[in-house]
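Enquirer: everything below, folded, please.
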Amino acid sequence: MRDHQSPLEAALADVHATVTELLTTADEQYAAVVERDRERLESVTRQQERLSVRLERAERKRAAALADQPFAAALATQPGLATLAQAIASSVRDLQAKHAHTQGLIEQAAELNGQTILFLQRLVGATSPAYGARGTSAPRQSVLLDSRA
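Expert: Model prediction:
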């Protein structure tokens, strides 16, 4: 960070650095999901939470530096900010794509797990499981109340 940065430039530099770190953790998150490493996934999630707090602080500084000035106007008055803003936008798009990829993998794993549970229930002849394939309670009838009716 240069000593003569404006408050807005410093805030944007912090936003960019944080988003770049979030990109790295998104890769780590995907690897943990692929490897089914729950401990690593929890560790990465905690790291992402810390980075999210850091990003929120940087965004507050950015908003304070802008005051009531529109972002486009600030970009026009300070050379170099447009390049930094474009780099942030590109990193955010990359981060969104990585999260969508990981989400798709998690959804596929959940679907496969659900199918496996259904298969195992059919295999062992379970007629009324306490939980269904999606984790929801299956309806159960009360033997005491049903026998009186």
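Enquirer: when you work out contacts or count neighbours from here on, use the C-alpha atoms and nothing else.
Expert: Will do.
Enquirer: and Gln96, how close does it get to Ser6?
Expert: Here Gln96 is placed at a distance of 29 Å from Ser6 (Cα to Cα, to the nearest Å).
Enquirer: OK, contacts around the residue positioned nearest the centre of the chain?
Expert: In the chain, the C-alpha nearest the mean C-alpha coordinate belongs to His99, at 5.9 Å (Cα atoms, centre = their mean). Neighbouring residues of His99 by Cα atoms under 8 Å, 6 or more residues apart in numbering: Ala26.
Enquirer: average pLDDT for the longest helix seen in the chain?
Expert: Counting by DSSP state H, the longest helix found in the chain is helix 81-124. The pLDDT scores in helix 81-124 average 91.
Enquirer: now stretch 55-68: how far from the chain's centre is it?
Expert: 22 Å (Cα atoms, centre = their mean, to the nearest Å).
Enquirer: same question, stretch 53-68
Expert: Taking mean C-alpha positions (Cα atoms, centre = their mean), stretch 53-68 and its chain are 21 Å apart.
Enquirer: and the nearest residue to Ala87 once chain neighbours are set aside, what element?
Expert: Distance criterion Cα to Cα, 6 or more residues apart in numbering; nearest residue to Ala87, sequence neighbours excluded, is His16 at 7.3 Å. Using DSSP states H and E, His16 sits within helix 7-35.
Enquirer: tilt between that helix and helix 81-124?
Expert: 20 degrees (axes from the mean of the first three to the mean of the last three Cα atoms, to 10 degrees).
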